[in-house]
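K.L.:
my questions concern the predicted model and sequence given below.
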Amino acid sequence: MKTAVNHNSFSAHGGIRDIARGAVLVDKRAPQEKQSPKSRTGILLIVLLLSVLVLFSQHAEEMAAYMSKPVQTVLMENPLLRVNERNVRSVLAAHINKGFLALDVQAIKTELEADPWIDQAMITRVWPDTLSVAITEEVAIARWGEDRLLNQYGAIFKPTVIEDDMALPSLKGPEGTHRRVMEQYQSFSQMLFASGLRVRALELNERGSWTLRMDNDVLVTIGRNDVVERMQRLVKLYDSLFHTQIGQIEAFDLRYNNGISIRNKEVMQGKVASK
């Protein structure tokens, strides 16, 4: 028995065996075209941008005048101790009449940092009409030579006047050795601190020999070699022997391998204290 073939039937897998001539196949499963959310967002942004441009063009002069108005307030972020406030005001006055956006903060920074007492100046605009000024001052740790000062990093700076800093320790050495001398000063100061002694002056001569004067006016000749070990020897002997008679001692000479030479104020004849 034969089975009739239907030319419009579907296969078992859903494929069309035959389509009537002239028929149009429509796939109802295909999604209809919809507008993307991103497209709508893009259109809204364009409309918003155009609106802003139109608004700006209508009020350009008023907005430019508002944004370019001079600085009305200068905010000093920290008090000034060594910097002359009048000099700071003079530098700022030469700039703040310019428009807020036209203000050259780099030029202000450069001019302020030309002051020897100013380590760093930070200049910041604060909308709409304020200028923030933060100044970091130099900290003088010691005098270098006759007319210069050293900060805590061993860097040299030269104020116009140093009369107020004459009580600082005096450090001296060949040109270019200021950082080395500062480091040695800090090392000696730490070693002597526990004994109640302070460094009043420290000098490195051209031959590389160190000489130190303490705040009690006692001179200490250290020499060139093993300077740390020699100073440690002095501290040890001072704590055990010399602290009760330091008022009679004029100088220590540490340039001995196993001892210290002492020169008394009254007796010029030296004597050696062994280890």
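P.N.:
That came through fine.

K.L.:
ok, residues contacting the helix or strand harbouring Arg89?
P.N.:
Using DSSP states H and E, Arg89 maps to helix 85-93. With C-beta atoms under 8 Å, 6 or more residues apart in numbering as the test, helix 85-93 has contacts from 74, 80, 108, 111-112, 115, 131, 133, 135. C-beta here means a position set from N, CA and C on the backbone, and glycine is covered the same way.

K.L.:
farthest pair within those?
P.N.:
The largest separation in those, counting by C-beta to C-beta, is between Asp115 and Leu131 at 17.5 Å.

K.L.:
burial measure for Gly154, as a count.
P.N.:
19 (other C-beta atoms under 10 Å).

K.L.:
now do the same for Ile16: its pLDDT.
P.N.:
pLDDT for Ile16: 43.

K.L.:
if we can go back for a sec, quick check: next helix or strand after the helix holding Arg89?
P.N.:
Criterion used, DSSP H and E; the element after helix 85-93 is helix 105-112.

K.L.:
if we can go back for a sec, just the buried ones from the contacts of helix 85-93?
P.N.:
Neighbour counting by 16 or more other C-beta atoms under 10 Å classes 108, 111-112, 115, 131, 133, 135 among these as buried.

K.L.:
possible to save those residues as a markdown table with distance to Ser90 and pLDDT?
P.N.:
As requested, the buried ones among the contacts of helix 85-93 are arranged in a markdown table below (distance: C-beta to C-beta, whole Å; pLDDT from 0 to 100):
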| residue | distance to Ser90 | pLDDT |
| --- | --- | --- |
| Ile108 | 11 | 97 |
| Glu111 | 9 | 97 |
| Leu112 | 10 | 98 |
| Asp115 | 11 | 97 |
| Leu131 | 15 | 95 |
| Val133 | 13 | 97 |
| Ile135 | 14 | 98 |
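
K.L.:
nearest to Ile222, of the contacts of helix 85-93?
P.N.:
Closest to Ile222, out of all of the contacts of helix 85-93 and judged by C-beta to C-beta, is Asp115, at 37.0 Å.

K.L.:
distance of the closest one from Asp164?
P.N.:
Noted for Asp115: a distance of 16 Å to Asp164, by C-beta to C-beta, to the nearest Å.

K.L.:
which stretches in the stretch 151-275 of the chain count as helices?
P.N.:
178-193, 227-237 (DSSP state H, counting those that start in this stretch).

K.L.:
revised request: answer the last question for the stretch 1-150 of the chain.
P.N.:
Under DSSP H, counting those that start in this stretch, the stretch 1-150 of the chain gives helices at 37-58, 60-67, 85-93, 105-112.

K.L.:
where among those is average confidence lowest?
P.N.:
For the helices of the stretch 1-150 of the chain, mean pLDDT drops lowest on helix 60-67, to a mean of 58.

K.L.:
looking at the chain, which helix or strand is least sure?
P.N.:
The least trusted helix or strand in the chain, going by mean pLDDT, DSSP states H and E, turns out to be strand 271-274, with a mean of 52.
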